[in-house]
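Peer 1: have a look at this fold, sequence not included:
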């Protein structure tokens, strides 16, 4: 199965401007036979921790609002994983990712470990698996991938791929190229520990006083980095992965524009 990680431009807090670029990537994926497109953490609206009024762009998934917002991304062949700020039924904010499949919300994953000590986000409580065709996969949002337990719980449920929507947009004094190396080390560790593919989609660039070098990458079950994004740039990574989760059959991967695949 062909999958892709979209390294999007770092969004400013409150901006929903990523919808059109994601739609462009969905159309491209349709043309190139890609079945799953992973987009960054909080790609819609940016991280609520840096917003003055996060309730202004939080989306209530349980009301049908999320389906309406994502409707421009509907595709018969491409399933999208989209990061957003969720307004829960309990009135709390969650750092979430939606699985948008054929115009419907297949499910929503809530980040288990909000990264900022006093985050406005509440923690999620469930590591759940999703299925598209013959691929069973899980999601771990950014900081979740620093902990071994979420990935191991997903692997125990039969997941052979882990998608990691990330947002390493940080203030200038905290952000840096070193975050890319640390993120890559986490992805390699999770891949090897669980014999699964790890597909990370980060943001890149600078906006609103934040910067992200972009840690997007794809790692095979043996820990080999088969694709890595250009720093500080929008990018699309593509890999053909083994849906059976074999540790020995890492298949061809490429970065669009670097070589054919």
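Peer 2: Arrived safely, thanks for sending. Just so it is clear, the model here is predicted, and its values are computed rather than measured.

Peer 1: in the stretch 1-150 of the chain, which spans are helices?
Peer 2: Per DSSP state H, counting those that start in this stretch, the stretch 1-150 of the chain carries helices over the ranges 19-32, 65-70, 148-156.

Peer 1: buried sites along the first one?
Peer 2: Buried positions in helix 19-32, judged by neighbour count with 16 or more other C-beta atoms under 10 Å: 19, 21-22, 25-26, 28-29. For glycine as for every other residue, the C-beta is placed from the backbone atoms N, C-alpha and C.

Peer 1: show me the contact partners of it.
Peer 2: Identification of contacts with helix 19-32 by C-beta atoms under 8 Å, 6 or more residues apart in numbering yields 2, 4, 6, 8-9, 34-35, 37, 39, 43-44, 69, 72-73, 75, 77-78, 80, 82, 234, 236, 238.

Peer 1: cool, stretch 174-192 as well?
Peer 2: Looking at what lies outside stretch 174-192 - C-beta under 8 Å, 6+ apart - the contacts are 140, 145-146, 148, 151, 162, 164, 166, 168-170, 196-198, 200, 202, 210-215, 217, 219-223, 225, 228, 231.

Peer 1: any chance of the helices of the stretch 1-150 of the chain in JSON lines, with mean pLDDT too?
Peer 2: Output for the helices of the stretch 1-150 of the chain, formatted as JSON lines (pLDDT from 0 to 100):
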{"stretch": "helix 19-32", "mean pLDDT": "98"}
{"stretch": "helix 65-70", "mean pLDDT": "97"}
{"stretch": "helix 148-156", "mean pLDDT": "98"}
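
Peer 1: make JSON lines from these and add distance to residue 109 to it.
Peer 2: JSON lines is the format used below for the helices of the stretch 1-150 of the chain (distance: least, C-beta to C-beta, whole Å):
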{"stretch": "helix 19-32", "distance to residue 109": "18"}
{"stretch": "helix 65-70", "distance to residue 109": "13"}
{"stretch": "helix 148-156", "distance to residue 109": "10"}
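
Peer 1: nearest to residue 126, of the ones you listed?
Peer 2: helix 148-156 (9.4 Å; C-beta to C-beta).

Peer 1: the next helix-or-strand element following the closest one: how far from the chain's middle?
Peer 2: Scanning forward in sequence from helix 148-156 by DSSP states H and E, the next helix or strand is strand 161-165. Distance of strand 161-165 from the chain centroid (C-alpha atoms, centre = their mean, to the nearest Å) equals 6 Å.
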